[in-house]
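S.K.: This is the structure alone, sequence omitted:
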């Protein structure tokens, strides 16, 4: 295992070393390209490849949290205790905040989703995309990109949690101001779209 350097701290990685470019108040980096054409299709055509799309979403959910932790652990644990860092990572990986990133990057457009009706599906689209990106481009590139994308907001959330504002709603307020998205505060919970087989199971229960 080699180390990935982030603002003079190290992040455990598996391939090489890089210098973090993350700074506050910078526009988000453009969406990284998924190199493999097949995986790009699977990650951006949720209506055509539902099974594969949801499998990549499941993977992406775990990959994003893992990468954020690898970025955050050495960056923050020298200054803050784990009781501050861990909830900060949990907050930034919530559906609302991932959906906000999906909108900011335009990933929703790749899947033909509406930007006006925000649902959990928007967060899923973000996770799916980076599940596919991880498989085709590798862990190092995924960590590099998520570092550039999410560290500016994570800095603000960690600072807020350290000051005693430890509830998810506090992080949502920060995120709402950060992105200029009022819906993050207005919507209490993102609604889910039924997964594969959910409707069939519901019909079967009615018959029983």
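M.R.: Received it, and whenever you're ready, just let me know what you need. The structure presented is a predicted model; accordingly, all values stated were derived computationally and were not measured.
S.K.: Show me where this protein has its strands.
M.R.: Ranges of strands within the chain are 3-6, 9-12, based on DSSP state E.
S.K.: Compare the mean pLDDT across the ones you listed and name the weakest.
M.R.: Ranked by mean pLDDT, the strands of the chain end with strand 3-6 at the bottom, a mean of 36.
S.K.: Buried residues in the helix ranked longest in the chain, which are they?
M.R.: If each helix of the chain is counted by residues according to DSSP state H, the longest one is helix 50-76. When burial is assessed from 16 or more other CB atoms under 10 Å, helix 50-76 yields the following buried residues: 52-54, 56-57, 59-61, 63-64, 67-68, 70-76. The C-beta positions use only the backbone N, C-alpha and C, and glycine is treated the same way.
S.K.: What separation do you get for residue 181 and residue 53?
M.R.: Using CB to CB, to the nearest Å, residue 181 is found at 24 Å from residue 53.
S.K.: Residue 109 too?
M.R.: On the measure of CB to CB, residue 109 and residue 53 end up 16 Å apart.
S.K.: ok, now residue 146?
M.R.: When distance is defined by CB to CB, residue 146 is 20 Å away from residue 53.
S.K.: lowest-confidence helix or strand of this structure?
M.R.: Among the helices and strands of the chain, strand 3-6 carries the lowest confidence by mean pLDDT, DSSP states H and E, at a mean of 36.
S.K.: What ranges does this protein have for its helices?
M.R.: 37-44, 50-76, 82-92, 95-105, 107-110, 120-137, 139-162, 168-179, 183-186, 198-207.
S.K.: what separates residue 28 from residue 42, distance-wise?
M.R.: 24 Å.
S.K.: now the residue nearest to the spatial centre of the chain, nearest residue through space, not along the chain?
M.R.: When CA atoms, centre = their mean is applied to the chain, the residue found nearest the centroid is residue 98 (4.5 Å). Counting by CB to CB, 6 or more residues apart in numbering, the nearest residue to residue 98 once its immediate chain neighbours are dropped is residue 123, at 4.0 Å.
S.K.: Hmm, the one you found is touching residue 189, no?
M.R.: No. With contact defined as CB atoms under 8 Å, residue 123 and residue 189 do not form a contacting pair (11.6 Å).
S.K.: residues touching residue 113, list them.
M.R.: 121-122, 125 (CB atoms under 8 Å, 6 or more residues apart in numbering).
S.K.: neighbour-wise, which of these leads?
M.R.: Greatest neighbour count in these, by other CB atoms under 10 Å, goes to residue 125: 29 neighbours.
S.K.: isn't residue 46 right next to residue 126, touching?
M.R.: No. With contact defined as CB under 8 Å, residue 46 does not count as touching residue 126 (12.0 Å).
S.K.: higher neighbour count, the two?
M.R.: More crowded of residue 46 and residue 126, by other CB under 10 Å: residue 126, with 25 against 22.
S.K.: State the distance from residue 95 to residue 85.
M.R.: As judged by CB to CB, residue 95 and residue 85 stand 21 Å apart.
S.K.: should've said residue 163
M.R.: In this view, residue 163 and residue 85 are 14 Å apart by CB to CB.
S.K.: Who has more neighbours out of the two?
M.R.: Set side by side, residue 163 and residue 85 show more neighbours around residue 85, with 21 against 10, by other CB under 10 Å.
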